[in-house]
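Engineer: Here you go, sequence then predicted model.
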Amino acid sequence: MENRNLVYVLTGIAVSLIVVIGGLVLLLSSGGGGDGGNGGDSSPTLAARQQGELRLPGGDPITLDPACASDIESASYIYEIFSGLVGYDKELQLIPDIAERWDTSDDGTVYTFYLRTSVLFHDNSRRVTAGDFKFSMERALNPDTQSSVADVYLDDLVGVDEYIDGSAQEVSGIKVIDPDTLELTIKAADPVFLPKLSYPTAFVVDKNQVEGSSCFEASWTFKANGTGPFELAEWDLSNAIILEPNQNYYLDPKPQLSKVTYLLSGGSSFTMYQNDEIDVTGVGKDNVESVRDPSSDLNAEYHISTTLSVSYIGFNVDREPLNDPDVRRALAMAIDKEFLTDNLYKGLLNPANGILPPEMPGFNENLDGVTFDAEAASDLLDSTGKKDELDGIKILTAGQGAAPDDVLQAITAMWEQNLGISVEVEQEDFGLLQSDLQDKNFDMFSIGWIADYPDPQNFLEIKFHSGSSNNDTGYSNPDVDDLLDQASGDVDAQERIDLYQQAEQLIVDDQPWIPLFYGTSSILVKPDVKGYEAAPFAIPSLRYVSVDR
Amino acid sequence: MPAGLASYIARRLIIVPFVLLIVSFVTFALGRYAPGDYVDIQAGPRANQETIDRIRHDRGLDDPVYEQYARYMSNVLQGDLGVSQNPRGVPVEDVLFPRLWVSVQINALALLFTWLIGIPLGTWAALKRGTWMDPFSIGLFLSFASVPVLVSVPLLEWIFIVKLQLLPTGGWSTDHVLGVKLGIFSLKAVLPVFVLTLSGVAGLARYMRSQVIEVLDQDFVRTARAKGLRGDVVVFRHVIRNAMLPIVTIFGFELAGLIGGSIFVESLLGIPGVGQLAFQAVTTRDYDTIMAIVLLGSTIFVLAMLAVDIAYGFIDPRIRSGGGLPT
């Protein structure tokens, strides 16, 4: 009796398996003709698409308040809705935005911006004046606003410190000459002052709307009244963000899309793309091979471009034995980056030789980086006599506790195989990782860095100057500091690039980072969408896009 | 209502605030003692430490935990649940309630189907005890229930969405029905409800089956049969009714579970429900949102348990006639 029951249970399981697997086989075998992903039947539940509408996958931004945004997702919405004195075009050239032009004093410390007189807020209530900029920047810097980033991007201005500590009622370096003229005075000449002004913290907001709101009071952002190429029509939490073109936009090209809908509720964007529910999707390493297959329908819609980002392993250079550059070099030399990009990332990332990514001004093709050589790595490590001290050191990474990233697993396996050391991967959630980095509570960590603006300063000075608060590794080299200081002074552009390249070479020689990979953006774009390019870093990009449908 | 029952309910109701107080304090303290806080996490990689510390101070995050807790609870009692950190600065109720409504819709529908299938199936399997149909059907459903959601969801998506194109992709869309935002009439609700039902049916059916079998073996059923009552009368009037008693407890739990979302199903299918929110809130140290979810969840749970106990009093004839109270 018992046995017979068991047989019946197993039969039940077997039947369900047969039904499921048989069904799958049938579906797979009928695959050839049935793959009508592009057939055009849009899902019955989506509202009918408007002519000229672009649909994008997205997520709720953390904030739409320009003064408060510190993450790329928020910034990418803000760049479409708001604007500032200067900006970047899609060739990554700094261009005049609300400022039509500007003069710089001979010593490079006084900037006079002449504003366009035609710029209106989206609600057409009034035009943007120099006073709006003074209000917006002071609001961002005001401690009551509680912005964590305003002082990072605006600290060049004279009088910021006095304003923040409360000893001054205004920022003395921001002067309204007349409604069309704004004068900004900075403490010392700074080649990246203008790039920093392209960041949302310097954007103009509507005083009538935001006055008194801190970064933790966001109700106004649901009706954000900006000046950018697109207007926020609706933000339905975790459902959709809808943008409509700003009919009075002042730069060319003007927005051509009739509507932009970001679908926020998530799900697999790749599947949504196949189902014609969205026009653009990212392609991860799981799908990229099928997309790249020349026989795939999706192949012609695939685009890959580089981004201004690098992923790396950082060392705690104050800790034994990682304070020895030879130990760090040996660890770097033992990693076969090409193998990782080819096999694990399927070519979605490029092996990194240095710190600066290829599209970045100052990228040095001839940089003498650390190349893979297992034997030399082992010899070098042996020569330091510190191999035993390496056993049991840990590498921190952001993760949720499932199996660690397969790339980190591969790297630790390479260390084990090539150097005979075992390194433990420790996953922490992002908050914990950040606080451990601040407290220098780590041996090594794995993370990435993406540009705020296309300038080598954004990577080299911020991550490697001994006085930078973003120097997580604790790296300190007086020669590097000296070069970086010279580069951020009043020097001509070519000399500046040379200085950064020299600094980068010294840094790479010391390997406080093992630069691993340069990022790419790998996307599918529907054929009737024109002009969509994945920007290498967050910039306003939708005004270049049109949809022929 | 018997007097005993009324005082019993009153006593239980008095305990509720204490339970909630303990739960809320433990949750609050756990959140605050976990490393990092929302200011840290959202400050961005370039923020200055002094600025972060200043904001943290301004927001009272460096006060002793009991002070922060007292402040929080006094706000809650005044109807202020605080602000969400994701999106930042939006009142918690504006983030939580729409998501709660989404989870409730899906869970209620799944619960309905689970019971509509599970109870008859379990009863049927018990009555077919000794034939091949009993273990076969249970085995069938068990194997469906054993497939992890992480496997079944992508598989079902591939079959129904990509291949057969019968369903739209994950996500959630709503229609306005009589002024109410409803998502369950959208085809997007099919997959989550299906997955949740599939994983619920097997458990319920097995439980029901064992209850029915237990009851079938009892003397009063044998007596009823011996008296010559028709088989279906015995089953419906005596067996199912008695077998349902312990099942009511499960129903209470599941009712309370209506407001909880499945983290996996919601995340995989992109459904903006409570499960997804809770996960995101924990990883971003969104204190006020976590607290609101926990407070609301535990309140409903405690009340549902109370309701179950009271329902026992009405359903169980032994309790009703004897005046005895469940313990």
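Structural biologist: Looks like it arrived, so ask away.
Engineer: From here on, just use CA atoms for contacts and neighbour counts.
Structural biologist: Noted.
Engineer: quick one: pLDDT of A:F203?
Structural biologist: Note on A:F203: pLDDT of 97.
Engineer: Can you tell me how far it is from A:L154?
Structural biologist: 11 Å (Cα to Cα, to the nearest Å).
Engineer: what sits in contact with each of the two?
Structural biologist: A:L197 (Cα atoms under 8 Å, 6 or more residues apart in numbering or on different chains).
Engineer: neighbour count winner among these two?
Structural biologist: Each of A:F203 and A:L154 has its neighbours counted (other Cα atoms under 10 Å in any protein chain shown); A:F203 has more, 28 against 21.
Engineer: Now the element after the longest helix seen in chain B, going C-ward?
Structural biologist: In chain B, taking DSSP state H as the definition, the longest helix is helix B:92-127. Next helix or strand after helix B:92-127 toward the C-terminus (DSSP states H and E): helix B:133-146.
Engineer: and that following helix with chain A, contact?
Structural biologist: Yes. Using Cα under 8 Å from any Cα of the partner chain, we find that helix B:133-146 touches chain A at B:M133, B:P135, B:F136, B:S137, B:I138, B:G139, B:L140, B:L142, B:S143, B:F144.
Engineer: what angle do the helix or strand just after that helix and helix B:133-146 make?
Structural biologist: Using DSSP H and E, the helix or strand that follows helix B:133-146 towards the C-terminus is helix B:149-156. Helix B:149-156 runs at 90 degrees relative to helix B:133-146, counting by axes from the mean of the first three to the mean of the last three Cα atoms, to 10 degrees.
Engineer: List the contacts of the closest residue to A:G531 other than its chain neighbours.
Structural biologist: Leaving aside its chain neighbours, A:G531 sits nearest to A:V545 (4.6 Å; criterion: Cα to Cα, 6 or more residues apart in numbering or on different chains). Applying Cα under 8 Å, 6+ apart, we find A:V545 in contact with A:P255, A:Q256, A:L257, A:V529, A:K530, A:G531, A:Y532.
Engineer: And for A:G392, the neighbour number?
Structural biologist: Neighbour count of A:G392, defined by other Cα under 10 Å: 12.
Engineer: Next, it: secondary structure please.
Structural biologist: Here A:G392 is coil, with the state taken from DSSP: H, G, I helix; E, B strand; the rest coil.
Engineer: Also the one 5 residues further on?
Structural biologist: With three-state DSSP as the basis, the three-state label of A:T397 is strand.
Engineer: What does the pLDDT read for it?
Structural biologist: Per-residue pLDDT puts A:T397 at 90.
Engineer: Equivalent analysis for A:S290, please.
Structural biologist: Model confidence at A:S290, given as pLDDT, is 88.
Engineer: following the helix or strand harbouring it, which helix or strand comes up?
Structural biologist: Using DSSP H and E, A:S290 maps to helix A:288-292. Using DSSP H and E, the helix or strand that follows helix A:288-292 in sequence is strand A:302-315.
Engineer: Would you enumerate the residues in contact with the residue most central in space within chain B?
Structural biologist: In chain B, the residue lying closest to the centroid (Cα atoms, centre = their mean) is B:G257, at 1.3 Å. Listed by Cα under 8 Å, 6+ apart, the contact set of B:G257 reads B:N107, B:F301.
Engineer: Poorly predicted segments of chain B, please.
Structural biologist: Counting by pLDDT under 70, chain B has low-confidence residues at B:1-5, B:170, B:176-179, B:260-261, B:313-327.
Engineer: Please tell me I have it right and A:G314 contacts A:M444.
Structural biologist: Yes. A:G314 is within contact range of A:M444, at 5.5 Å (criterion: Cα atoms under 8 Å).
Engineer: Confirm A:L516 sits in a strand?
Structural biologist: Yes. Assessed with three-state DSSP, A:L516 lies in a strand.
Engineer: which SS class is B:I52?
Structural biologist: Secondary structure, three-state DSSP: B:I52 is helix.
Engineer: What's the local residue count around it?
Structural biologist: Around B:I52 sit 21 other residues, with neighbours defined as other Cα under 10 Å.
Engineer: And for B:V294?
Structural biologist: Burial of B:V294 is recorded as 19 neighbouring residues (other Cα under 10 Å).
Engineer: Is it correct that it is in contact with B:F25?
Structural biologist: No. At 10.6 Å, B:V294 does not count as touching B:F25 under the criterion of Cα under 8 Å.
Engineer: follow-up on the earlier one: buried set for the longest helix of chain B?
Structural biologist: B:92-93, B:95-96, B:98-111, B:113-115, B:117-119, B:121-127 (16 or more other Cα atoms under 10 Å in any protein chain shown).
Engineer: so which of those residues also contact chain A?
Structural biologist: B:V95.
Engineer: Do I have it right that A:D326 meets A:D382?
Structural biologist: No. A:D326 sits out of contact with A:D382 when judged by Cα under 8 Å, with a separation of 10.0 Å.
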